[in-house]
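Trainee: Okay, sequence plus prediction incoming.
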Amino acid sequence: MHKFFNRPSTFNSADSSSEAVVSSSLHSVEAAVPHIMQEKLNQIMAMQKEEGRRLETSLAQTMEKIVEANSDALWARFQEENKNEKLLQDRVLQRINILANFMNKDLPATIERIVKREVATVQTNVLRAITPAIEKTIVSAITESFQKGVGDKAINQLEKSVNSKLEASVARQIVAQFQTSGRQALQDALKSSMVASMVPAFEKSCRAILQSKEEEGSHGDHLVEGDYGVHGVHGDDSTLNVF
């Protein structure tokens, strides 16, 4: 009986040792859980940091490519616009030079030809107008002077001789007069009229064209300076001396 009653104590001892082992295991597991969680969190944070750096690098490269492509395209467009503007300015200057050469060289020669033609026409008209009146006056005077003692034949011969000599003399005198004073006065008047009417309008048009081109170029240069810091180049105004 004594032995029988001692058996429960043996069972209790075994249960106590098992509980101690389980409790120790639980304590060790509980102690290890925070460490394991911290390691997992550290791994997740490291992965997130690595992924963030990778995304940041990729985004920076993409933005750099986009900015570079846009900058290259804008710079190419700016160079093309400058090239087109330079060609347009060259064409305008070429046309202005052509007009200036015409005003300085061809126009005076044209005016001189017109003046010569008009002078010749005026000389012819003057001769035609005054010759009959002079002939009539001289013929009448000679006829009255020689009427009493000279025959008709002598009067006719004298009339023809006087007419021919008088016509030649009057023609030479009129031509000389027009060549000295009349021609110069007519040329000066025509030249002054042409200069007063054409030159101011021509110079005003040239200045307006150049000023418009300079304003367009200045506007484009300031626009590019505001975006990319490119300095524009402005040309100086030029003037034309006509005549």
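Mentor: Nice, I can see it. As the structure is a prediction and not an experimental result, all values here were calculated from the model. Numbering: from 1, shown residues only.
Trainee: which parts of stretch 119-128 are buried?
Mentor: Buried residues in stretch 119-128, counted by 16 or more other CB atoms under 10 Å: 119, 123, 126. Bear in mind the C-beta positions are built from the backbone N, C-alpha and C, glycine included.
Trainee: Just send those back as a markdown table, with secondary structure and pLDDT too.
Mentor: Shown next, in a markdown table, are the buried residues of stretch 119-128 (DSSP: H, G, I helix; E, B strand; the rest coil; pLDDT from 0 to 100):
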| residue | secondary structure | pLDDT |
| --- | --- | --- |
| 119 | helix | 76 |
| 123 | helix | 72 |
| 126 | helix | 72 |
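Trainee: What's the mean pLDDT across the helix or strand that residue 40 is a member of?
Mentor: Residue 40 is part of helix 2-101, with elements assigned from DSSP states H and E. For helix 2-101, mean pLDDT is 78.
Trainee: Show me what it is packed against.
Mentor: Applying 3 or more CB pairs under 8 Å, 6 or more residues apart in numbering; DSSP states H and E, one finds that helix 2-101 contacts helix 183-228.
Trainee: Quick check: residue 87 vs residue 98, distance?
Mentor: Distance of residue 87 to residue 98, computed by CB to CB, to the nearest Å: 17 Å.
Trainee: So what's the residue count around residue 103?
Mentor: Neighbour count of residue 103, defined by other CB atoms under 10 Å: 20.
Trainee: go on, residue 74?
Mentor: 13.
Trainee: Same check on the one 5 residues further on?
Mentor: The number of residues packed near residue 79 is 10, by other CB under 10 Å.
Trainee: Quick check: the gap between it and residue 69.
Mentor: From residue 79 to residue 69 the distance is 16 Å (CB to CB).
Trainee: just residue 52 next, same as before
Mentor: Residue 52 is 26 Å from residue 69, where distance means CB to CB.
Trainee: same deal with residue 112?
Mentor: 64 Å.
Trainee: For those two, indicate the residue with more neighbours.
Mentor: residue 112 (13 against 10).
Trainee: Check that one and give its pLDDT.
Mentor: For residue 112, the model assigns a pLDDT of 81.
Trainee: For the helix or strand hosting it, which helices and strands make contact with it?
Mentor: Take DSSP H and E as the rule and residue 112 turns out to sit in helix 107-146. Using 3+ CB pairs under 8 Å, 6+ apart, the elements in contact with helix 107-146 are helix 152-177, helix 183-228.
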